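Engineer: build me a model from this:
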Amino acid sequence: MVTAASPRPRVSPAASDHKFYTGMAIAMLLIALVGFSRTYFLGLISGHATTITGRVPNGTVHLHAFLFTSWLVLFILQTGLIATHRVKVHRKLGYFGAALAAAMIVVGVQLAVEAARLGAVPPGNNPWNFIAIPFGDITTFAGFFLAAVLWRNDKDKHKRLMILASATLMSAPLVRWPGVLSVGPLLSYVLTLLFPIVAAVYDRRSRGRVHPVYWWGMALIALGVAVRVVLLGSPAWRHAMQSLFG
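Structural biologist: Residues are numbered from 1 along each chain as shown. Down below sits the predicted model:
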């Protein structure tokens, strides 16, 4: 007698998504903590915190660190709320997330301008050219976050745009990981792209196709990096930034 094998129970895409997105959020927070630990977080404990350029942190640096760390913690909390089907709480916290994102953008711009005025940039870079790096990061984050807000009622687009927005914050901690800066700061952007690449692979395996948001997102991130590289060597950009903020 031939008996049919009992079908293997399938995990629903929704249940799998909850684990994946929460895991991605936790990974981002851990990467940020490790990246900033050597100079900033461990320095706070010892009383000798510095930035990557050796600058002693002022109030803007501390506020920047608090806001950006809070974002990653909130990202974990929000993915956890969806995983436990607490959608109403998730949506209410979304208003706080919007306010937090706005504060991050304002403080991020302020910190970038302060660093340029003080010349607190990696050796060999002109401060007013280098401002393209933080400005580019802030602009990319703001664009993805705004898109996530606009498509907040489309859960498939929303959650992928939030992954992209949070991934754009990873270049700063990644460039502080051992060995990355010695290879070149552009390596941090290559590593940043691993987040949407991993997410795209997950899409392909769980759904059989990659959501277009990831294709567009990766293209925009790559385009943004190319623009930063051009601006780093642009006299016109340097003059414009120095005239506006110098």
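Engineer: CA only for contacts and neighbour counts going forward, please
Structural biologist: Noted.
Engineer: please report the distance of Val180 from Phe68.
Structural biologist: Distance, Val180 to Phe68, using C-alpha to C-alpha, to the nearest Å: 21 Å.
Engineer: mind checking which of those two has more residues around it?
Structural biologist: With neighbours defined as other C-alpha atoms under 10 Å, Val180 and Phe68 compare such that Phe68 has more, 22 against 15.
Engineer: go ahead and flag the most central residue of this structure.
Structural biologist: Taking C-alpha atoms, centre = their mean, the centroid of the chain lies closest to Leu169, which sits 2.3 Å from it.
Engineer: please tell me how far that one sits from Ser16.
Structural biologist: Using C-alpha to C-alpha, Leu169 is found at 25 Å from Ser16.
Engineer: now do the helix or strand of the chain with the lowest mean pLDDT: everything it contacts.
Structural biologist: Confidence across the helices and strands of the chain bottoms out at helix 42-46, with a mean of 79, counting by mean pLDDT, DSSP states H and E. With contact meaning C-alpha atoms under 8 Å, 6 or more residues apart in numbering, helix 42-46 is reached by 37, 49-50.
Engineer: out of those residues, flag the one nearest to Ala199.
Structural biologist: For the contacts of helix 42-46, the closest approach to Ala199 (C-alpha to C-alpha) belongs to Ser37, at 26.3 Å.
Engineer: wait, what's in contact with the closest one?
Structural biologist: By C-alpha under 8 Å, 6+ apart, the contact list for Ser37 reads Gly43.
Engineer: for it, helix, strand, or coil?
Structural biologist: helix (DSSP: H, G, I helix; E, B strand; the rest coil).
Engineer: next, count neighbours for the closest residue to His239 other than its chain neighbours.
Structural biologist: Excluding its sequence neighbours, the residue lying closest to His239 (C-alpha to C-alpha, 6 or more residues apart in numbering) is Trp128, at 7.7 Å. When neighbours are defined as other C-alpha under 10 Å, Trp128 has 27 of them.
Engineer: which parts of the protein are strands?
Structural biologist: Per DSSP state E, the chain has no strands. Nothing in it meets that criterion.
Engineer: need the phi and psi values for the nearest residue to Pro185 once chain neighbours are set aside.
Structural biologist: Distance criterion C-alpha to C-alpha, 6+ apart; nearest residue to Pro185, sequence neighbours excluded, is Val175 at 6.0 Å. Note on Val175: its backbone torsions stand at phi -70, psi -20 [degrees, to the nearest 10].
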